[in-house]
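Trainee: need a 3D model of the sequence below.
(chains A and B)
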There are 2 protein chains.
Amino acid sequence: MAMRTSRLWERQLIRRLWEAVGKPAVEVELWDGEVCGVDRTRAVGRIIIREPKMLRRLMWNPSLAFGEGYATGRIEVEGSLVDVAASLLAGMLRAIPPDGRKPWRERLSRRRGHSLIESRASVHHHYDLGNDFYRLWLDEQMVYTCAYFPRENMSLEQAQIAKFDHICRKLRLRPGDRVVEAGCGWGGFALHMARSYGVHVRACNLSKEQIAYARRRAQDEDLTRLVEFVEADYRQLDGKYDVFVSVGMLEHVGTEQYPALGAVIDRLLTDNGRGLIHTIGRNVARSLDAWTERYIFPGAEPPSLKQMMDIFEPNGWSVLDVENLRLHYAETCRAWLSRFEAHAGEVARMFDEQFVRMWRFYLASSTAAFLTGWLQLFQVVFARAQDNSIPRSREDIYQYPDRRSLHETLAASAQN
Amino acid sequence: MAMRTSRLWERQLIRRLWEAVGKPAVEVELWDGEVCGVDRTRAVGRIIIREPKMLRRLMWNPSLAFGEGYATGRIEVEGSLVDVAASLLAGMLRAIPPDGRKPWRERLSRRRGHSLIESRASVHHHYDLGNDFYRLWLDEQMVYTCAYFPRENMSLEQAQIAKFDHICRKLRLRPGDRVVEAGCGWGGFALHMARSYGVHVRACNLSKEQIAYARRRAQDEDLTRLVEFVEADYRQLDGKYDVFVSVGMLEHVGTEQYPALGAVIDRLLTDNGRGLIHTIGRNVARSLDAWTERYIFPGAEPPSLKQMMDIFEPNGWSVLDVENLRLHYAETCRAWLSRFEAHAGEVARMFDEQFVRMWRFYLASSTAAFLTGWLQLFQVVFARAQDNSIPRSREDIYQYPDRRSLHETLAASAQN
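Mentor: I've put the predicted structure just below:
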């Protein structure tokens, strides 16, 4: 495809844009083969802009234009997409102040809110793409949240189980505890808690497909006596519980709803109730980029720790433990990306080539975001202010018998 | 001393006050022997108001009047002072909303600010009471911050060393690291870091007496090559360091100074710098009570986690780990109180009986504050956003050889 020659002002404009995003270690090639940007020895990859039209769109809304351009093939990336995205994000962390003053104006995109109807639509957009699709590249338990790799060379399967157990140990689950889980995905964690810790779980989710899948699994495993899956929003939960847990839901709640979420937690938990929230977060409050908001996660809003405190402080809850697992999510996304690439042909047959490119861009840029510190992963443990049964040390979280023997211990204690 | 009979309206007023502070499980006895409040089976103790005049003062500013009344003997407490204080604080946690709406108006006390001069005066007020005084009831290393009791039946001495090591392991200190310590007390922690971890420490403090004491200890131990003590405010520090650490200083910094403190940390640390702040805190922002502000810690302000984030977020720092050690501080204060009581006679000779009662009230009510969740103790570990050398897990903090062998390991590694 022969394109017209690039003009001097266009090359200068690209140079300015490159400077404005913190001079990332990438080269930029224009449609006519002209290369702008850093010298080749430093570059981790090359961004190729295939059409003059893309230039104006990149100026107007860089994140949206870049994501759309990549998905449609109007922008191509040579070299590792993760490395190129990481270089861009690291540059932007240096160059773009977090308070929203951006050198290139982002179009004011209408963000989706968090009413019950909007939340349902947002969940449907992402999580109801079909279990067959997610089965291609998630682990066998279908866990779609950050895994935990406490040792090197763990498989994704092992790391998802390790994450489950890490959370259960932080919560000091005891057989018989009543647990409420807000946002349960395909039910893997709820089933694990019941199976391995002997607790009763009530788990909710707004995704029809996920709930149906989770219910079948509970029946197959004969765990319906311990686990109940309900198609509901966290605001619709009732009852009294010893433990509140939520893994990967808070990103979708919306910061303006945090006091409401705090009130729900306060209402659901007993006087000695405790809880854990596992969520993608940020070092500094920033709004979600326009591309991710439009194509991947409408209404999503990863909070800073300061923002998260609006859940706990108004109700006087005591934060006991915060852990940041950022690099574990980088490793998780990398594993997903590699499995996704291995099944890209099948995905293209399910959807189309543009979907494959969009999803590749999402998984690669997510990997880069956790790798560069653009995004964080927080696990926050909390308890009521006056609860003095809180553990003396976190040592027990790390003194862990092998899973089989724990399982046996629990089975034995349940018999007594 | 014969006092006039209490009037009906006075007894009703006391009843109202008792209800307003959440109906604590204490009896209130008036000067004429009249007892108001709960039935004796529930009460953990009795508050005796010895003069009618106290009533008006309690109405006007309960915290100030109660503290002053106790110190002067116009108010007496029967039963455990810790238990009575805990009952009062637990009641107030239930009854008094944290946003400042108080049922009995507290007089608007002028709070001390945090300019260099004011900070110096505040530090002098508390920490320059004389090393001889503090030596009576602190541990042998003169550590005046929350200890760490990971196991039962540890002595205060052991628990202070355990605290030191807990922080050093969270910071993953390596021989040769350059450490800056803001607010170093009598130098115990700085000396421990140098002695046991082979790091270089520059430690500052505004208390003349404490700095002089710390310098003598460094000379006695022949550690002046590794440790430098400077009489300075944290804002006056310069140089570049691998590690920033501050144990028990933030309480005095003032929340309005947090962005300034964050900028100081940002300036002092290298590109791979990391840090830890250990501080008394709160579940919800509240101003310090008037009595503590006036008599014990002028200018002090224990922050909520949300307030603390003003240190980290503006500079894009990444919070890696937060631990709440509230009950450890209750145990520490209890140990101090019991040692203090054992030396009350000597303290009375150094100061006077009123000082003894004031200090007893301070140590007992602090114990109660940590016991009831009125106060928290946070340790926050942070690192630069882009630092990917952060540890994979916190497991290593808890896998710890005995101190002697660690010391030997470090000595050996220093020789290579």
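Trainee: residue A:383 - nearest residue in space that isn't next to it in sequence?
Mentor: Distances taken as Cβ to Cβ, 6 or more residues apart in numbering or on different chains place residue A:274 nearest to residue A:383, at 4.4 Å, with adjacent residues excluded. The C-beta positions use only the backbone N, C-alpha and C, and glycine is treated the same way.
Trainee: what sits opposite the one you found in the beta ladder?
Mentor: Note on residue A:274: beta-bridge partners by DSSP bridges are residue A:243, residue A:383.
Trainee: list the buried residues for stretch A:217-225?
Mentor: Under the neighbour-count criterion of 16 or more other Cβ atoms under 10 Å in any protein chain shown, stretch A:217-225 has A:217-218, A:223 buried.
Trainee: of the residues you listed, closest to residue A:369?
Mentor: residue A:217 (30.8 Å; Cβ to Cβ).
Trainee: got a list of what the closest residue to residue A:249 other than its chain neighbours touches?
Mentor: Sequence neighbours aside, residue A:183 is the residue nearest to residue A:249 in space, at 2.7 Å (criterion: Cβ to Cβ, 6+ apart). Applying Cβ atoms under 8 Å, 6 or more residues apart in numbering or on different chains to residue A:183 gives the contacts A:204-205, A:234, A:246-249, A:252.
Trainee: same thing but at 10 Å, please
Mentor: By Cβ atoms under 10 Å, 6 or more residues apart in numbering or on different chains, residue A:183 lies in contact with A:123, A:127, A:145, A:189, A:203-207, A:210, A:233-234, A:245-253, A:278-279.
Trainee: residue A:239 too?
Mentor: A:178, A:180, A:202, A:267-268.
Trainee: let's see 8 Å
Mentor: A:178, A:180, A:202, A:268.
Trainee: the residue nearest to residue A:249 and residue A:252, how far apart?
Mentor: 7 Å (Cβ to Cβ, to the nearest Å).
Trainee: separation between the residue positioned nearest the centre of chain A and residue A:249?
Mentor: Centroid-nearest residue in chain A: residue A:280, 5.3 Å away (criterion: Cα atoms, centre = their mean). Applying Cβ to Cβ, the value for residue A:280 to residue A:249 is 11 Å.
Trainee: got it, and residue A:74?
Mentor: Counting by Cβ to Cβ, the gap from residue A:74 to residue A:249 is 35 Å.
Trainee: so for the two, which sits in the more crowded spot?
Mentor: Shown here are residue A:74 and residue A:249; by other Cβ atoms under 10 Å in any protein chain shown, residue A:249 has more neighbours (23 against 17).
Trainee: outside of the biggest helix by length in chain A, which residues touch it?
Mentor: What stands out as the longest helix in chain A, according to DSSP state H, is helix A:353-372. Helix A:353-372 is contacted from outside by A:67, A:70-73, A:81-83, A:85-86, A:88-90, A:93, A:292, A:295-296, A:326-327, A:329-330, A:333-334, A:336-337, A:340-341, A:344, A:347-348, A:374-377, B:385-386, B:388, using Cβ under 8 Å, 6+ apart.
Trainee: go again using 6 Å as the cut-off
Mentor: Applying Cβ atoms under 6 Å, 6 or more residues apart in numbering or on different chains, the contact partners of helix A:353-372 are A:67, A:70-71, A:81-82, A:85-86, A:89-90, A:296, A:326, A:329-330, A:333-334, A:336-337, A:340, A:344, A:347-348, A:375.
Trainee: quick one: buried ones out of those?
Mentor: Buried among those (16+ other Cβ under 10 Å): A:67, A:70-71, A:81-82, A:85-86, A:89-90, A:296, A:326, A:329-330, A:333-334, A:336-337, A:340, A:344, A:347, A:375.
Trainee: host element of residue A:280?
Mentor: Taking DSSP states H and E as the criterion, the element that holds residue A:280 is strand A:269-281.
Trainee: what residues does chain A put near chain B?
Mentor: A:150, A:283-284, A:305-306, A:309, A:313, A:316, A:318-320, A:322, A:324, A:373, A:385-386, A:393, A:395, A:398 (Cβ under 6 Å from any Cβ of the partner chain).
Trainee: quick one on the thing from earlier: which ones among the contacts of helix A:353-372 are found in helices?
Mentor: Short answer: the contacts of helix A:353-372 in helices (DSSP H) are A:67, A:70-71, A:81-82, A:85-86, A:89-90, A:326, A:329-330, A:333-334, A:336-337, A:340, A:344, A:347-348.
Trainee: got the domain boundaries for chain A?
Mentor: A:8-95, A:116-415 (automatic domain parsing).
Trainee: quick one: which of these is nearest residue B:133?
Mentor: domain A:116-415 (30.8 Å).
Trainee: which residue ranges of the stretch 201-350 of chain A form strands?
Mentor: A:227-231, A:241-247, A:269-281, A:318-324 (DSSP state E, counting those that start in this stretch).
Trainee: let's have these in TSV, adding mean pLDDT.
Mentor: Below are those laid out as TSV (pLDDT from 0 to 100):
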stretch	mean pLDDT
strand A:227-231	97
strand A:241-247	98
strand A:269-281	97
strand A:318-324	98
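Trainee: I am finished for the moment; much appreciated.
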